[in-house]
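Trainee: sharing a model that was predicted from the sequence below.
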Amino acid sequence: MVATSFKTLKSQEIFANAQRLMPGGVSSPVRAFKSVGGQPIVVDRVKGAYLWDVDGNQYIDYVGTWGPAICGHAHPEVIKALHDALDKGTSFGAPCLLENILAEMVIDAVPSIEMVRFVNSGTEACMAVLRLMRAFTKRDKVIKFEGCYHGHADMFLVKAGSGVATLGLPDSPGVPEATTRNTLTAPFNDLEAVKVLFDENPEQIAGVILEPVVGNAGFISPDAGFLEGLRELTRDHGSLLVFDEVMTGFRIAYGGAQEKFNVTPDLTTLGKVIGGGLPVGAYGGRKDIMGLVAPAGPMYQAGTLSGNPLAMTAGIKTLELLRQPGTYETLDRLTKKLTLGLLDIAKATGHGVFGGQISAMFGLFFTHEPVHNYEDAKKSDLAKFSRFHRGMLERGIYLAPSQFEAGFTSLAHTDEDMDRTLAAASEVMVNL
Ligand code: KE4
């Protein structure tokens with residue numbers, strides 16, 4: 001028995017008060033555990049691969065604050081760098097050397113990025129990149145994929161993944177039809193459907209935006225040739241290809257999914273890892289496109305805290321840690337051990353299961369069928385996933401509280417953590 005005394009009285013009290021103060025008691029919907037049931041735990045502190053709740057329970061954390069904690073939470077070198085930076089102030093609202101340093105690291109790392117603009121979140125990055133796609137091509141329509149999530153801006157809340165899918169929302173009220181009229185959707189991994197959209201909307205499509213490895217419908221890998229096919233289609237139709245690498249950037253590889261799959265988009269969005277846990281987003285790409293962004297060009301986008309010295313500091317240190325030799329081999333080995341172990345245990349205990357991992361990103365579905373797109377994902381056994389999530393939580397394993405999310409490992413996770421996680425899974429899956 002994986003020992004745990006799972007008492008959460010303080011969490012329950014704090015969360016009850018939170019629900020009086022904030023909608024759903026949270027600052028972001030997926031944290032509310034709505035789709036997996038039960039009360040969320042209230043986190044007191046994090047360190048390395050672990051988090052502790054306010055009742056003192058310790059968990060092995062596979063959410064990693066949704067991706068940024070890829071070096072482990074509160075990495076000592078990141079914390080020290082922040083302490084040193086704090087003495088110089090928290091925000092300048094003016095150019096600072098740290099922006100140059102992080103920009104240079106991003107440009108050196110990401111194949112598509114010749115020039116970059118920092119913002120404060122992945123949502124902001126995706127909003128800006130959509131405006132840029134339209135400004136550059138002078139076309140209004142954009143193709144996204146069902147189940148992909150590109151932040152909560154109006155024009156992306158069409159068949160979106162992540163929290164929208166988690167809550168089973170038909171998309172959101174408050175979004176005018178006029179705003180989403182130009183957002184076309186296709187199933188992920190379906191090149192034919194994209195071809196039809198291009199044929200039906202000749203010379204009207206500004207571009208295609210996607211998560212090159214989907215994390216917001218659960219973990220879904222691109223089929224062989226899918227990314228290459230999109231690169232060819234967009235080029236043939238004078239449209240732009242945009243990889244939303246807010247989640248995959250610096251996680252799938254140091255150069256992101258575009259390095260891993262050797263497909264270079266025209267524009268890329270980033271977030272999460274490049275802020276090392278502080279609020280950052282970024283968009284970047286070809287110089288001839290980025291040259292349109294104000295004040296260099298006419299396309300307007302701005303932000304009070306964009307490029308602030310603390311976020312830049314955390315991002316710089318995080319990327320310095322990631323670019324050490326062997327980083328991604330370690331992440332891949334550990335995550336493969338975990339994922340293959342979970343799949344083996346599920347099969348050995350009689351469950352249909354489909355899942356996989358790429359580098360430090362993984363996921364599984366309880367289903368007897370393969371999962372290539374969001375429709376497939378929705379057919380999986382969501383109730384069984386909820387029971388799995390709860391059983392693991394009670395054994396000190398903190399998984400993303402939704403089937404429509406991905407799992408994340410870090411450089412702080414160890415073989416012992418994986419062994420403990422698999423031992424917990426063996427217990428939970430027997431009686432799932
Ligand atoms: P943010 O605005 O949350 O920083 O980034 C939006 C975003 C854009 N693109 C991709 C591929 C993303 O995964 C995200 C945000 N990811 C979710 C988790 N799936 C953030 C967690 C949350 O919404 O609380």
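Mentor: Looks like it arrived, so ask away.

Trainee: contacts and neighbour counts: CA atoms only from here.
Mentor: Fine.

Trainee: for the chain, give me the ranges with low pLDDT.
Mentor: Along the chain, the model assigns pLDDT under 70 to residues 1-5, 168-170.

Trainee: list of residues touching the longest helix seen in it?
Mentor: Ranked by residue count and defined by DSSP state H, the top helix of the chain is helix 327-348. Applying CA atoms under 8 Å, 6 or more residues apart in numbering, the external contacts of helix 327-348 come out as 253-254, 352-364, 409-411, 413-415, 418-419, 421-422, 425-426, 429.

Trainee: pretty sure residue 207 is touching residue 135, no?
Mentor: No. Shown here, residue 207 and residue 135 do not form a contact pair, counting by CA atoms under 8 Å, at 11.2 Å.

Trainee: which of those two has more neighbours?
Mentor: Taking neighbours as other CA atoms under 10 Å, residue 207 and residue 135 compare with residue 207 leading, 26 against 17.

Trainee: and the closest residue to residue 109 other than its chain neighbours, how far from the ligand?
Mentor: Residue nearest to residue 109 in three dimensions, not counting chain neighbours: residue 255, with 4.9 Å by CA to CA, 6 or more residues apart in numbering. Distance of residue 255 to the ligand, computed by CA to the nearest ligand atom, to the nearest Å: 15 Å.

Trainee: ends of stretch 278-293, how far apart?
Mentor: Stretch 278-293 has an end-to-end distance of 24 Å (CA to CA, to the nearest Å).

Trainee: ok, now stretch 19-35?
Mentor: 17 Å.

Trainee: contacts for it?
Mentor: Residues contacting stretch 19-35 (CA under 8 Å, 6+ apart): 15-18, 39-40, 162-163, 166-167, 386, 401-402.

Trainee: whichever of the residues you listed end up buried, select them in PyMOL.
Mentor: To isolate the buried ones among the contacts of stretch 19-35 in PyMOL, judged by 16 or more other CA atoms under 10 Å, type:
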select buried, resi 15+39+40+162+163+166+167+386+401+402
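
Trainee: what residues does this structure put near the ligand?
Mentor: With CA under 6 Å from any ligand atom as the criterion, the chain meets the ligand at residues 28, 30, 66, 121-123, 149-151, 162, 211, 216, 244-247, 405.

Trainee: which of these fall within strands?
Mentor: residue 244 (DSSP state E).

Trainee: return a ChimeraX selection command for the buried portion of the residues of the chain next to the ligand.
Mentor: Listed next is the ChimeraX selection for buried residues among the residues of the chain next to the ligand, using 16+ other CA under 10 Å:
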select :30,66,121,122,123,149,150,151,162,211,216,244,245,246,247,405
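
Trainee: could you export the contacts of stretch 19-35 as a markdown table, including secondary structure?
Mentor: Listed next are these as a markdown table, based on DSSP: H, G, I helix; E, B strand; the rest coil:
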| residue | secondary structure |
| --- | --- |
| 15 | helix |
| 16 | helix |
| 17 | helix |
| 18 | helix |
| 39 | coil |
| 40 | coil |
| 162 | helix |
| 163 | helix |
| 166 | helix |
| 167 | coil |
| 386 | helix |
| 401 | coil |
| 402 | coil |
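
Trainee: which pair of the contacts of stretch 19-35 spans the longest distance?
Mentor: 17 and 162 (25.5 Å; CA to CA).

Trainee: in contact with the residue nearest the centre of the chain, which residues?
Mentor: By CA atoms, centre = their mean, the chain has its centre lying nearest to residue 247, at 3.0 Å. When contacts are counted by CA under 8 Å, 6+ apart, residue 247 touches 67, 215, 270, 271, 272, 273.

Trainee: repeat the analysis, applying 10 Å as the threshold.
Mentor: When contacts are counted by CA atoms under 10 Å, 6 or more residues apart in numbering, residue 247 touches 66-68, 122, 150, 211-216, 256-257, 269-273, 361, 406, 408.

Trainee: before we move on, what about residue 54?
Mentor: Residue 54 neighbours (CA under 10 Å, 6+ apart): 8, 9, 10, 11, 12, 14, 41, 42, 43, 44, 45.

Trainee: ok, 7 Å please
Mentor: 10, 11, 42, 43, 44 (CA atoms under 7 Å, 6 or more residues apart in numbering).

Trainee: can you pull the buried residues of the host helix or strand of residue 427?
Mentor: Secondary structure assignment for residue 427, by DSSP states H and E: helix 415-430. Within helix 415-430, the residues that count as buried by 16+ other CA under 10 Å are 417, 418, 420, 421, 422, 423, 424, 425, 426, 427, 428, 429.
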